[in-house]
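Q: structural data only, the sequence is not supplied:
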Ligand code: UD1
């Protein structure tokens with residue numbers, strides 16, 4: 001990579017994107033953000049600039065499917081590498097809106113590849129998901145385990161991985177790292193940056209817990225108490241968003257290790273049940289969190305846990321922040337920003 005590296009970050013105002021922008025700015029990278037704010041707000045980037053004490057070089061409010069506008073971004077900046085976060089990510093919604101999911105997630109990726117190819121940019125870090133493993137029959141999961149996506153969101157991520165692998169086979173010099181995240185949670189330790197779900201009632205468990213703890217929702221529904229897990233509740237591999245951000249910076253640093261497509265899990269390797277997460281959140285906020293065990297949520301799987309060995313061997317790196325840190329940081333963000341970012 002050149003000494004002063006410019007990274008184009010699509011979806012840079014989103015949850016993982018904004019934390020990654022901070023990580024990159026903190027490490028001397030110049031950052032160009034592309035975001036259409038369909039699931040984020042400009043306020044997140046103001047917080048990024050505040051934490052890093054310098055802003056992104058530029059922020060372009062465009063839709064990736066607007067190919068002309070995207071091409072102009074590449075005309076304007078000498079981009080060395082791209083991190084592609086921009087996508088739709090709600091599993092339930094993807095079942096209702098499959099066309100929109102393929103359009104944004106697959107079409108957005110091919111539009112980006114077009115612009116990259118036309119401008120001689122060959123380095124890409126791609127945001128993938130553990131959901132491609134689907135109803136996994138074993139834990140922990142390695143990258144060699146089969147993809148069995150069970151919904152359009154997961155299928156769109158798996159399709160993108162296949163497109164990227166094939167492009168790497170046919171276009172010389174392309175170097176792509178796809179990172180399959182497990183369950184990113186937590187927030188920046190400053191309390192300035194975190195996860196701001198668009199809906200009043202969050203889908204994901206961690207923001208839901210934070211709102212119950214804050215008294216904004218009455219209780220957590222624990223979806224299913226009869227899974228074949230130690231306490232009967234769903235097991236996931238929660239990973240601190242700052243570890244995810246660090247993983248992206250390291251991916252950039254390792255893009256040139258070899259050309260072609262590589263895939264890595266980003267997880268801790270530790271499984272946590274919903275009840276264990278609830279207990280950890282109670283420790284973090286110092287108050288009891290009401291809950292009730294209800295029916296399973298359709299489409300949920302019993303357990304998804306990463307084998308993080310491949311990335312550890314390749315980069316000599318593993319995650320640093322445990323469940324208590326994840327809960328502490330998520331709670332701090334909730335307390336300091338009860339209504340999310342100012343608009
Ligand atoms: C899902 C997707 C993942 C996506 C992520 C973020 C799958 C397999 N995974 O993760 O790809 O990146 O959302 O959008 O589709 N739970 C409760 N009560 C709640 C909410 C959740 O008990 O109110 C439980 C769930 O049953 C599950 C665990 O908490 O066992 C985690 O759920 P959630 O935070 O929604 O994430 P996933 O469904 O694992």
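A: Arrived safely, thanks for sending. Remember, it's a predicted structure, so these values are computed and weren't measured experimentally. Residues are numbered from 1 along each chain as shown.
Q: show me where the stretch 1-150 of the chain has strands.
A: 6-10, 30-34, 58-60, 81-84, 123-129 (DSSP state E, counting those that start in this stretch).
Q: between the ones you listed, which gets nearest to residue 73?
A: strand 58-60 (5.1 Å; C-beta to C-beta). In this view, the C-beta of every residue, glycine as well, is placed from N, C-alpha and C.
Q: what helices and strands are in contact with the closest one?
A: Contacts defined by 3 or more C-beta pairs under 8 Å, 6 or more residues apart in numbering; DSSP states H and E place strand 58-60 against strand 30-34, helix 67-76.
Q: distance from the longest one to the middle of the chain?
A: Centroid separation for helix 67-76 versus its chain: 25 Å, with C-alpha atoms, centre = their mean, to the nearest Å.
Q: and the residue of the stretch 101-250 of the chain nearest the ligand?
A: residue 234 (2.3 Å; C-beta to the nearest ligand atom).
Q: pull up the per-residue confidence for that residue.
A: In this model, residue 234 is scored at 97, pLDDT.
Q: who's in contact with the helix or strand of the chain with the lowest mean pLDDT?
A: Every helix and strand of the chain was ranked by mean pLDDT, DSSP states H and E. The lowest is helix 91-96, at a mean of 91. Defining contact as C-beta atoms under 8 Å, 6 or more residues apart in numbering, one finds that helix 91-96 is touched by 88, 101, 131, 151, 152, 153, 154, 156, 203, 299.
Q: what distance do you get for the third one to residue 147?
A: I take that to be residue 131. Computed as C-beta to C-beta, to the nearest Å, the residue 131 to residue 147 distance reads 10 Å.
Q: neighbour-wise, which of those two wins?
A: residue 131 (25 against 19; other C-beta atoms under 10 Å).
Q: may I see the buried residues of stretch 334-343?
A: The neighbour-count check on stretch 334-343 (16 or more other C-beta atoms under 10 Å) flags 334, 337, 340, 341 as buried.
Q: I'd like the next helix or strand past the helix or strand residue 313 falls within.
A: Using DSSP states H and E, residue 313 maps to helix 309-315. Toward the C-terminus, helix 309-315 is succeeded by helix 323-336 as the next helix or strand (DSSP H and E).
Q: just checking, what packs against that following helix?
A: helix 205-213, strand 238-240, helix 274-285.
Q: gap between the least confident helix or strand of the chain and the chain center?
A: That offset, for helix 91-96, works out to 17 Å (C-alpha atoms, centre = their mean).
Q: residues of that helix that come out buried?
A: Here helix 91-96 shows 91, 93, 94 as buried, counting by 16+ other C-beta under 10 Å.
Q: of these, which ones also sit close to the ligand?
A: residue 91 (C-beta under 6 Å from any ligand atom).
Q: circling back to that earlier point, now the buried residues of stretch 334-343 in a markdown table, with distance to residue 169?
A: Output for the buried residues of stretch 334-343, formatted as a markdown table (distance: C-beta to C-beta, whole Å):
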| residue | distance to residue 169 |
| --- | --- |
| 334 | 45 |
| 337 | 45 |
| 340 | 43 |
| 341 | 42 |
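Q: for the ligand, state which of these is nearest.
A: The ligand lies nearest to residue 334 out of the buried residues of stretch 334-343, by C-beta to the nearest ligand atom, at 15.2 Å.
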